[in-house]
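A.B. asks: structure for the following, please:
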Amino acid sequence: MTQIVVLPHAELCPDGAVIEAKPGVSLLDNLLANGIELEHACEKSCACTTCHVVVREGFGSLDPAQEREEDLLDKAWGLEPTSRLSCQAVVKETPLVVEIPKYTINMVKEAARK
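C.D. replies: The predicted model follows:
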């Protein structure tokens, strides 16, 4: 198991969390399995940015983002150099520290409003 520290988020994880994650499984699936209900509007298909996270420690242990993920990240709120879509980032053996941004852009909901 790999330790993931989730920094406090006002709505999803007010006190922060330390979880034991399964290597080989996406960061999003590990968060969901541990009760951190991160939004994932596209159902993990790499078609939105609602599962955007910032990896504060351990970023280098993740496989590089594919082009599609990079293109979507350009549209994410609060983009940082260590931003990833958690549905695409697969946990390895290295511990991670993750921050969930305060806001998210839900392009699925936004398109439905137009």
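A.B. asks: quick one: the strands in this protein?
C.D. replies: 2-6, 17-21, 52-57, 83-85, 96-99 (DSSP state E).
A.B. asks: strand partners of the longest one, parallel vs antiparallel please.
C.D. replies: Pairing partners of strand 52-57, with direction, according to DSSP bridges: strand 83-85 (antiparallel), strand 96-99 (antiparallel).
A.B. asks: so which bits of it are buried?
C.D. replies: With burial defined by 16 or more other Cβ atoms under 10 Å, the residues of strand 52-57 counted as buried are 52, 53, 54, 55. (Each C-beta comes from the backbone N, C-alpha and C, glycine too.)
A.B. asks: again with stretch 76-89
C.D. replies: In stretch 76-89, counting by 16+ other Cβ under 10 Å, buried: 76, 80, 82, 83, 84, 85, 86, 87, 88, 89.
A.B. asks: need the strands paired with strand 52-57 in CSV with mean pLDDT, can you?
C.D. replies: Listed next are the strands paired with strand 52-57 as CSV, based on pLDDT from 0 to 100:
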stretch, mean pLDDT
strand 83-85, 98
strand 96-99, 98
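A.B. asks: burial of residue 17, as a residue count?
C.D. replies: 18 (other Cβ atoms under 10 Å).
A.B. asks: now do it against residue 43, distance only.
C.D. replies: As defined by Cβ to Cβ, to the nearest Å, residue 17 lies at a distance of 23 Å from residue 43.
A.B. asks: residues in contact with the residue nearest to the spatial centre of the chain?
C.D. replies: Note on the chain: the residue nearest the mean C-alpha position is residue 86, at 2.9 Å, using Cα atoms, centre = their mean. Contact analysis of residue 86 by Cβ atoms under 8 Å, 6 or more residues apart in numbering lists 26, 27, 28, 31, 38, 40, 51, 52, 53, 98.
A.B. asks: run through this protein and note the low-pLDDT ranges.
C.D. replies: Residues of the chain meeting the criterion pLDDT under 70: 107-114.
A.B. asks: residue 73 and residue 54, how far apart?
C.D. replies: 11 Å.
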